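Undergrad: Dropping a prediction and its sequence here:
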Amino acid sequence: MSAYLASFYNILINGEDELRRIDLLAGLVILISPIVHLIVVSGIDVPYGRYTSSSWGMPVNGKLAWFLQELPAFMIPAFMYINTDTTDLSLPATILIFAFLIHYFNRVFIYSFSIKGGKPTPWSILLMALCFCICNGYMQGTFLIRYSQYKPEWLLEWNFVIGMLVFAFGFYTNMRCDSILRNLRPPGFKGYKIPHGWMFEYVAAANLWGEAVEWTGWALACWSLQAFAFATFAVLYLSARSYSHHLWYLKKFEDYPKDRKIFIPFLI
């Protein structure tokens, strides 16, 4: 076992085979995804936002925390793209990397500064999110920019067309539902209200659902181990977070719509 772990460490940290390294990272993300899901649905709420807790470490301003933790997911692939000869990069790969960057540009430079009344985030949670975004930004950027081999015909493949349409719908839903949540709070209001409108009529945390849909579509369009790993983590983590939100709404509001589902419209 120790020899195996040493070999794994050498490949992941010191190895020269970068493609194998990002494959290992993808495997790690897939491995931890159900573990994180089970931890959250078991009742251990991730302590940020409405669940924030000082017991998890020194609090960091909510806007600053979002900006810092999401920044590497934008900067790493953007830096790689700028500093790599992309003359041979296919159009499908270019579209996919820019779709990834557009999402994180919104999260870093728009969403983080538009938060209203955001609660502090413990530094430990900020650190964990930061590490994930560093690994994921490196993993996705490396595959798409250095190792993807999409041909121009990939643009017409069923999975690319459907995947990008699903991505666009999820991206729109995520942004629209974030806006609905922000507009629930007039200036000076620090409490919570039941969100309504768009996909909030069907699921408890429609903003999280939209992001999960977004990355599912993106993974379908990429059809890579790295993209599927990210989508797996997104779906399992965000569905668990949505479960926590659903229970929280049921306890806090007597008039919360009882037919509103947790994560899958009309089903669950």
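TA: Cool, the structure landed.
Undergrad: Return the distance of residue 25 relative to residue 41.
TA: In this view, residue 25 and residue 41 are 25 Å apart by CB to CB, to the nearest Å. To be clear about C-beta, it is placed using only N, CA and C from the backbone, and glycine gets the same treatment.
Undergrad: Please apply the same query to residue 232.
TA: 16 Å.
Undergrad: higher neighbour count, the two?
TA: A direct count of neighbours by other CB atoms under 10 Å for residue 232 and residue 41 places residue 232 higher, at 21 against 17.
Undergrad: Please tell me I have it right and the more buried one contacts residue 32.
TA: No: in this structure, residue 232 is not within contact of residue 32 by CB atoms under 8 Å, at 9.8 Å.
Undergrad: For the longest helix that the chain contains, buried residues please.
TA: Counting residues, the longest helix found in the chain (DSSP state H) is helix 225-252. By neighbour count with 16 or more other CB atoms under 10 Å, helix 225-252 contains the buried residues 225-246, 248-249.
Undergrad: again with stretch 94-102
TA: Buried residues in stretch 94-102, counted by 16+ other CB under 10 Å: 94, 95, 96, 97, 99, 100, 101.
Undergrad: For that stretch, which outside residues touch it?
TA: Residues outside stretch 94-102 that contact it (CB atoms under 8 Å, 6 or more residues apart in numbering): 74, 77-78, 81, 86, 140-141, 144-145, 148, 155, 164, 167, 171, 218, 221-222.
Undergrad: And the residues you listed, which of them are buried?
TA: Those of the contacts of stretch 94-102 that meet the buried threshold are 74, 77-78, 81, 140-141, 144-145, 148, 164, 167, 171, 218, 221-222, by 16+ other CB under 10 Å.
Undergrad: ok, these vs residue 116, which is closest?
TA: Within these, proximity to residue 116 (CB to CB) peaks at residue 171, which comes in at 21.2 Å.
Undergrad: Please identify which helix or strand holds that closest one.
TA: Taking DSSP states H and E as the criterion, the element that holds residue 171 is helix 158-183.
Undergrad: Could you point out the helix or strand that follows the helix or strand in which residue 81 is found?
TA: Per DSSP H and E: residue 81 is located in helix 62-82. Proceeding N to C from helix 62-82, the next assigned helix or strand is helix 91-105, under DSSP H and E.
Undergrad: Report the rounded mean pLDDT for that next one.
TA: Averaging pLDDT along helix 91-105 yields 97.
Undergrad: now swap in stretch 220-238 and tell me
TA: 97.
Undergrad: what residues does that stretch touch?
TA: Stretch 220-238 has contacts (CB under 8 Å, 6+ apart) with 22-23, 25-27, 29-30, 32-34, 36-37, 40, 96, 99, 136, 139-140, 143-144, 148, 159-160, 162-164, 166-167, 205, 208-209, 211-212, 215-216, 218-219, 263.
Undergrad: List buried residues within the residues you listed.
TA: The neighbour count (16+ other CB under 10 Å) marks 22-23, 25-26, 29-30, 32-33, 36-37, 40, 96, 99, 136, 139-140, 143-144, 148, 160, 163-164, 166-167, 205, 208-209, 211-212, 215-216, 218-219, 263 as buried among the contacts of stretch 220-238.
Undergrad: Mind checking which of the residues you listed are in helices?
TA: Per DSSP H, the buried ones among the contacts of stretch 220-238 map to helices at 22-23, 25-26, 29-30, 32-33, 36-37, 40, 96, 99, 136, 139-140, 160, 163-164, 166-167, 208-209, 211-212, 215-216, 218-219.
Undergrad: what bits of this structure have low per-residue confidence?
TA: Residues of the chain meeting the criterion pLDDT under 70: 1-16, 45-57, 117, 187-190.
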